[in-house]
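**Student:** Turn this into a model:
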Amino acid sequence: MTRFIRHPAEIPIEVKVHGQSAYATHNAVNLSIGGLAFRCDRELEPGDIAEIRIPFVSPPFAAEARVAWCTARQGIFEIGVEFQDQDDAFTARMVEQVCHIENYKQEILLTEGRRLSSEEAAAEWIDKFAARFPGSADAK
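**Tutor:** A predicted model of the protein is given here:
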């Protein structure tokens, strides 16, 4: 899990470690081809299995992941998890693109005052950024 790319920090994820009864909301800090990292107020052990959900996308994303590493930083733990299924890793990449497109849509509204539909934002974002999106066959 060394090839992380920046994931929109304001995108919440829900995490439930096996054995817990409820999900806790955290913000993803980055996403790689095979997993993601997030900040947590408690330590998780490498090898722990967790369910990761991103509920705001449609359909909601949910995947099982294994804790790969946990690093303490200024009283907060940064947790790296690896998706357990290759299809989940691919789906997470699609979710990440949706997150970037939604951020683009908001950025255009704030900077240019244009209100884009999700489809318009997707078309513009794909035209401008998809070829450089990490993991893309055309990325340089």
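**Student:** who does the one helix or strand C99 maps to touch, helix- and strand-wise?
**Tutor:** Using DSSP states H and E, C99 sits in helix 86-112. Secondary-structure packing of helix 86-112 (3 or more C-beta pairs under 8 Å, 6 or more residues apart in numbering; DSSP states H and E): strand 24-31, strand 35-40, strand 61-73, helix 118-129. Glycine gets a C-beta too; all of them are placed from N, C-alpha and C.
**Student:** Make TSV out of these and add mean neighbour count.
**Tutor:** Below are the helices and strands packed on helix 86-112 laid out as TSV (neighbours: other C-beta atoms under 10 Å):
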stretch	mean neighbour count
strand 24-31	18
strand 35-40	21
strand 61-73	15
helix 118-129	14
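**Student:** I'd like those laid out as JSON lines, including distance to K16 and mean pLDDT.
**Tutor:** Shown next, in JSON lines, are the helices and strands packed on helix 86-112 (distance: least, C-beta to C-beta, whole Å; pLDDT from 0 to 100):
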{"stretch": "strand 24-31", "distance to K16": "7", "mean pLDDT": "78"}
{"stretch": "strand 35-40", "distance to K16": "12", "mean pLDDT": "86"}
{"stretch": "strand 61-73", "distance to K16": "10", "mean pLDDT": "90"}
{"stretch": "helix 118-129", "distance to K16": "29", "mean pLDDT": "81"}
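**Student:** nearest to H100, of those?
**Tutor:** helix 118-129 (6.5 Å; C-beta to C-beta).
**Student:** Hey, what's the angle from the helix holding C99 to strand 35-40? Just curious.
**Tutor:** Angle, helix 86-112 to strand 35-40, by axes from the mean of the first three to the mean of the last three C-alpha atoms, to 10 degrees: 60 degrees.
**Student:** Distance check, the closest residue to Q84 other than its chain neighbours against L116.
**Tutor:** Counting by C-beta to C-beta, 6 or more residues apart in numbering, the nearest residue to Q84 once its immediate chain neighbours are dropped is E64, at 4.7 Å. Distance of E64 to L116, given as C-beta to C-beta, to the nearest Å: 34 Å.
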